[in-house]
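Student: Fold the following.
(one chain, ligands or ions: 1)
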Amino acid sequence: MSCQEKPISVSLSPNTQKDDVSLALKMIFKPNEWQKGKAIKELEESFKKYLGVNFAYSFNSGRSSLEAILNALGIKSGDDVLIQAFTCNAAINPILKVRAKPVFVDIDSTLNLSIEDLKKKITPRTKAVMVQHSFGWPAKLAEIKNFCQQNKLYLIEDCAHALGAKYNNQLCGTFGDAAFFSFGRDKVISSVYGGMAATNDSEIAKKIGEFYASIDYPSQAWTLQQLLHPVLMNYLVLPAYGCLKIGKAFLSFFINTGILSKAVTKNEGKGVLPSYFPKRLPNALAVLAQNQFKKLDEFNSHRQKIAKIYEQKLSSGKYILPFVLSGAQNKTPIFMKYPILAANPQCLLKKFKENNIYLNDGWAGSPIVPSSTCLEVFGYEKDSCPKAEQVAQKIINLPTHINITAEQANIIIEMLV
Ligand SMILES: Cc1ncc(COP(=O)(O)O)c(C=O)c1O
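Tutor: Below is the predicted model of the structure:
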C-alpha cells in the first residue's frame, strides 16, 4: 500500500465522502452559524417525514437523546431498565444518570435481546425495556412489544445502529414509545456527534421538548472540534496510515491535545458522562447530518450489497455468521457492520493490521464495550449473560460502509479463508 492511499478499516471515518469534507471545511469558516440555524429544524423535519412519526428532537448524541427520553418517561431512582448485554457503555450511562438500574439480558444468535432471558429478568421494579438492533439487524420486535404490553412496560428502541432497518416492512424506531438514533462517527450516518429522539406520543414529546428547552447548545470550541474531524481525518490522518504508520501517530496527537474528540471517553467506562452531554445538536453538525441523511438509501443499499458478498463467501467456512439473509424472514437488516465469530479473533486482527487493514472497532472483549469498561460500576455480574460474554471473545466486525469496495471486501475474505 502506498502513501496517500487510505487504509481499509471498519471504523476510521467510515461514512465520510468528499462532499462531507468540503461541507465541514466550509462550516469551519462560518462560526456565526455553528449554534443556531435552519439546518436543525430541516433535519428534524426530514426525520419525521422519513420515519413517519409526529415528533423528532435533535441532540448532540444518542446519549443526550436517550437521557431526554428517560426523563420524559419519568424513569428514576428505584426503577429497573432491561437492556441487552453486548452493548456500549454509552447506551447505559444515561440510565445511571437518571439513577435507574440497568438489568442485563443475554443475547440470542443474532446478537439481539434474547426473549427467553428477557422473561427471566423482569422484576417488580422494571419500568422499561430498551431494545438494541445490533449492527442494523432488527430485534424480535413483535415478541418484545407484546412482552412490554403484557407487563405494562415502556419500550425504548435504541436505533443507534439501525436507521433504515425494517421489521415487517415497518421502520425500526417506530415500534416503541420512543426511539433514539445516533449520528456518531461510525454509525449509519455521521456528523461526528449527533442524535435524534423520535416518538408518536404527544405527552412524551411534550416532555422531551421541555427537556430540550432546559439544556443548551454545546460550546463553540466543542463544535469546532467536531468540524475538524472529517477534515483532519481526510487530509492528514487517513492518507498517512499506509505511510510508516504516521497517520495513527497524528490521530493520537490530535486526540491527546484535544484538537479532535474521542467517541467515548475513559471516564464513561467508570460511569461518568462528560459535561458536553446532554446538549442540543448545533446547527453546524445538523448541516453535516442532513447531507449524510440524503445519502442514507445509497449507504444502506451499498451495505446490503457488501454484506451479501461476505455471506456468500464465508458461509461454508470456519466462521459463525450471526447475520444470514436466508434467516432474516420478516426483517430488512441494513448491516451497519457485518459481524463474524472466529475462534482466534486476536490473531486475525493482528494479521489484518500487518496488512494495513484495521478491523478492531472496540466492539469486543467485554459484554459492555469498550473492553476497558468497569463492569461493576454498571452492575454487570460476571456469567450473568454467558452468550454475550462468549460473543465478545469471538467477534470481528467486517466493514460494509460506502468507502469499502466489493474488491476490498474480497481482499478481506481472501485473508479470512
Ligand atoms: C448500541 C448503541 N447505543 C447507543 C449509543 C450512543 O450513541 P452516541 O454515541 O451517539 O451517544 C451507541 C454508540 O455510542 C451505541 O453503539
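Student: going forward, measure contacts between C-alpha atoms and count neighbours the same way
Tutor: Noted.
Student: What's the biggest strand in the chain, counting residues?
Tutor: If you go by DSSP state E, the chain has its longest strand at strand 126-132.
Student: tilt between whichever helix or strand comes after that strand and strand 126-132?
Tutor: Using DSSP states H and E, the helix or strand that follows strand 126-132 in sequence is helix 141-150. Helix 141-150 and strand 126-132 are oriented at 170 degrees to each other (axes from the mean of the first three to the mean of the last three Cα atoms, to 10 degrees).
Student: Run through who's touching whichever helix or strand comes after helix 141-150.
Tutor: Once helix 141-150 ends, the next helix or strand along the chain (criterion: DSSP H and E) is strand 154-158. Under the contact criterion Cα atoms under 8 Å, 6 or more residues apart in numbering, strand 154-158 has outside partners 73, 127-133, 145, 148, 172-173, 175-181.
Student: rerun that using 10 Å as the cut-off
Tutor: Contacts to strand 154-158, defined as Cα atoms under 10 Å, 6 or more residues apart in numbering, come from residues 62, 66, 69-70, 73, 75, 81-83, 91, 126-134, 139, 141, 144-145, 147-149, 172-182, 197-199.
Student: Grab the nearest non-local neighbour of Gln224.
Tutor: No, residue 224 isn't Gln; it's Leu. Leaving aside its sequence neighbours, Leu224 sits nearest to Ile28 (Cα to Cα, 6 or more residues apart in numbering; 6.8 Å).
Student: thought that neighbour was touching Pro230?
Tutor: No: look at Ile28 against Pro230 with Cα atoms under 10 Å: they stay out of range, at 11.2 Å.
Student: okay, and the common contacts of these two?
Tutor: Common contact partners of Ile28 and Pro230 (Cα under 10 Å, 6+ apart): Ser22.
Student: Who has more neighbours out of those two?
Tutor: Each of Ile28 and Pro230 has its neighbours counted (other Cα atoms under 10 Å); Pro230 has more, 26 against 20.
Student: Can you tell me how far the residue nearest to Leu224 is from the ligand?
Tutor: Here Ile28 is placed at a distance of 22 Å from the ligand (Cα to the nearest ligand atom, to the nearest Å).
Student: Residue numbering should commence at 57 henceforth.
Tutor: Shifting the count to begin at 57 puts that one at Ile84.
Student: Contacts only, for that residue.
Tutor: In this structure, Ile84 makes contact with 78, 90, 279-284, 287, 340, judged by Cα under 10 Å, 6+ apart.
Student: ok, so of those residues, who is nearest the ligand?
Tutor: Proximity of the contacts of Ile84 to the ligand was ranked by Cα to the nearest ligand atom; the top entry is Gln282 with 12.9 Å.
Student: so what's the closest one up against?
Tutor: By Cα under 10 Å, 6+ apart, Gln282 lies in contact with 80, 84, 241, 247-249, 315-318, 340-341.
Student: model confidence over stretch 337-351, on average?
Tutor: Mean pLDDT, computed over stretch 337-351, is 98.
Student: Point out the other elements, helices or strands, that the longest strand of the chain touches.
Tutor: On a contact count with 3 or more Cα pairs under 10 Å, 6 or more residues apart in numbering; DSSP states H and E, strand 182-188 meets strand 136-140, helix 145-153, strand 157-161, helix 197-206, strand 210-214, strand 234-238.
Student: so which of these is the most packed in?
Tutor: Neighbour counts (mean count of other Cα atoms under 10 Å) averaged over each of the helices and strands packed on strand 182-188 peak at strand 234-238, with a mean of 29.
Student: tell me what it is packed against?
Tutor: With contacts taken as 3+ Cα pairs under 10 Å, 6+ apart, strand 234-238 sits against strand 111-115, helix 118-128, strand 182-188, strand 210-214, strand 251-255.
Student: Next up, the contacts around whichever residue of the stretch 157-306 of the chain sits closest to the ligand.
Tutor: Using Cα to the nearest ligand atom, the closest approach of the stretch 157-306 of the chain to the ligand is made by Ser238 at 4.0 Å. With contacts defined as Cα under 10 Å, 6+ apart, Ser238 is in contact with 114-122, 214-219, 244-253.
Student: Kindly identify which of those residues also come near the ligand.
Tutor: Residues of the contacts of Ser238 in contact with the ligand (Cα under 6 Å from any ligand atom): 117-119, 214, 216, 250-251.
Student: which pair in these spans the largest distance?
Tutor: Pairwise distances across the ones next to the ligand among the contacts of Ser238 peak at 14.1 Å for Asp214 and Gly250 (criterion: Cα to Cα).
Student: Spell out which residues of the stretch 307-456 of the chain are next to the ligand.
Tutor: Counting by Cα under 6 Å from any ligand atom, the stretch 307-456 of the chain comes close to the ligand at no residue.
Student: Now do the helices in the stretch 307-456 of the chain.
Tutor: Assigned by DSSP state H, counting those that start in this stretch, the helices in the stretch 307-456 of the chain fall at 339-349, 352-370, 401-410, 442-450.
Student: and Ser275, how many neighbours?
Tutor: Neighbours of Ser275 (other Cα under 10 Å): 14.
Student: That one and Ala340 touch, don't they?
Tutor: No: Ser275 lies out of contact with Ala340 (Cα under 10 Å); the separation is 11.8 Å.
Student: so what's in contact with the two at the same time?
Tutor: Common neighbours of Ser275 and Ala340 (Cα under 10 Å, 6+ apart) are 90-91.
Student: In stretch 161-176, which of the residues would be classed as buried?
Tutor: Of the residues in stretch 161-176, 161-164, 166-171, 173-174 count as buried by neighbour count, 16 or more other Cα atoms under 10 Å.
Student: chain center to it, what's the gap?
Tutor: Relative to its chain's centre, stretch 161-176 lies at 19 Å (Cα atoms, centre = their mean, to the nearest Å).
Student: Kindly export that stretch (C-alpha atoms) in CSV.
Tutor: C-alpha atoms of stretch 161-176 as CSV (Å, rounded to 0.1, in the frame of the first residue of the first chain):
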residue,chain,number,x,y,z
VAL,A,161,-30.5,-9.5,29.4
ASP,A,162,-28.5,-12.1,27.4
ILE,A,163,-28.4,-12.1,23.6
ASP,A,164,-29.7,-14.6,21.0
SER,A,165,-27.9,-15.9,18.0
THR,A,166,-28.4,-12.6,16.1
LEU,A,167,-26.7,-10.5,18.9
ASN,A,168,-30.0,-9.0,19.9
LEU,A,169,-32.2,-9.4,23.1
SER,A,170,-33.0,-13.0,23.9
ILE,A,171,-36.7,-13.2,24.5
GLU,A,172,-36.2,-16.2,26.8
ASP,A,173,-33.8,-14.3,29.0
LEU,A,174,-35.9,-11.2,28.9
LYS,A,175,-38.8,-13.1,30.5
LYS,A,176,-36.5,-14.3,33.3
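Student: Understood, closing this out.
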